[in-house]
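Participant: heads up, no residue letters with this:
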């Protein structure tokens, strides 16, 4: 089973920030949090990852709580092209990679 | 830099046949992983190869197998195809452990 819990769907108005939460309460100290998204009929696209500190790149920001039990992916200015399923993944020590069901993000015009 | 290339993009087979899917990773990437995606089960991990060695395996029957060549290219094989094997098969490559995986657009396999 996936080690993460995400809401099944979310809506966000175009131009606003989209904040996608992820719960990973059983994360281990050396496990990273990764975010991917998948647009229909394409392979998942890597967005960002982090261990303890907050991270930012050209696509998004990742905010990890101090206890590392949850994180939030922030898309600062959502566009219609950001409509996708977003997956939060924790890499387990035995190297298996488990995808959950993700969050289906709808960007509303 | 070229991305992960999977061939073929679409494939139609019948029950009982076997199939081989190919994956060319990003240049310099030595880790290749395979996933199966279906509407009911979502994205499920099949196996991971690193430097021609299988490093990890998911919970799939022995009909699903794979290999990696010295140039890091990988193939997966499914024998005795069943209707339930209809799925999108995705390949991902990465530099190594803890590094982001980069996915191809998959091979869509349909079993008749």
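Facilitator: Yes, it's here. What you see is a predicted model, and the numbers here were worked out from it, not measured in a lab. Residues are numbered from 1 along each chain as shown, chains lettered A, B, ... in the order given.
Participant: check contacts around residue B:90.
Facilitator: A:43, A:44, B:6, B:34, B:35, B:36, B:37, B:43, B:103, B:104, B:106 (Cβ atoms under 8 Å, 6 or more residues apart in numbering or on different chains). Placement of C-beta: from N, CA and C, glycine included.
Participant: May I ask which of these has the most neighbours?
Facilitator: Within those, most neighbours by other Cβ atoms under 10 Å in any protein chain shown means residue A:44, with 28 neighbours.
Participant: how much space between that one and residue B:71?
Facilitator: 24 Å (Cβ to Cβ, to the nearest Å).
Participant: now residue B:39
Facilitator: Distance from residue B:39 to residue B:71, by Cβ to Cβ: 34 Å.
Participant: Filter the contacts of residue B:90 down to the ones in helices?
Facilitator: Using DSSP state H, no member of the contacts of residue B:90 sits in helices.
Participant: quick one on the thing from earlier: between residue B:39 and residue B:71, point out the one with more neighbours.
Facilitator: Neighbour comparison, residue B:39 and residue B:71: the larger count goes to residue B:71, with 10 against 7 (by other Cβ under 10 Å).
Participant: who's in contact with the more buried one?
Facilitator: Contacts of residue B:71 by Cβ under 8 Å, 6+ apart: none found.
Participant: Kindly report the same for residue B:30.
Facilitator: Each residue near residue B:30 by Cβ under 8 Å, 6+ apart is listed here: B:50, B:51, B:72, B:95, B:96.
Participant: Quick one: which of the residues you listed is the most crowded by neighbours?
Facilitator: So for those (other Cβ under 10 Å), the most neighbours sit at residue B:72, 21 neighbours.
Participant: Up against chain A, what does chain B have?
Facilitator: Residues of chain B found near chain A (Cβ under 8 Å from any Cβ of the partner chain) are B:4, B:33, B:35, B:42-45, B:48, B:55-56, B:58, B:90, B:92, B:97-98, B:100-106.
Participant: Please repeat the previous calculation with a cut-off of 10 Å.
Facilitator: Proximity of chain B to chain A, by Cβ under 10 Å from any Cβ of the partner chain, involves residues B:3-4, B:6, B:31, B:33, B:35, B:37, B:42-45, B:47-48, B:50, B:55-59, B:88, B:90-92, B:94, B:97-106, B:108.
Participant: Go ahead and build a ChimeraX selection from the buried members of those.
Facilitator: In ChimeraX syntax, the buried subset of the residues of chain B next to chain A is picked out as below (16 or more other Cβ atoms under 10 Å in any protein chain shown):
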select /B:4,6,31,33,35,37,42,43,44,45,47,48,50,56,58,88,90,91,92,94,99,101,102,103,104,105,106,108
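Participant: Can you tell me how far the closest residue to chain A within chain B is from residue A:72?
Facilitator: Going by Cβ to the nearest Cβ, chain A is nearest to residue B:103 of chain B, at 3.4 Å. Residue B:103 sits 23 Å away from residue A:72, going by Cβ to Cβ.
Participant: same deal with residue A:84?
Facilitator: Distance from residue A:84 to residue A:72, by Cβ to Cβ: 17 Å.
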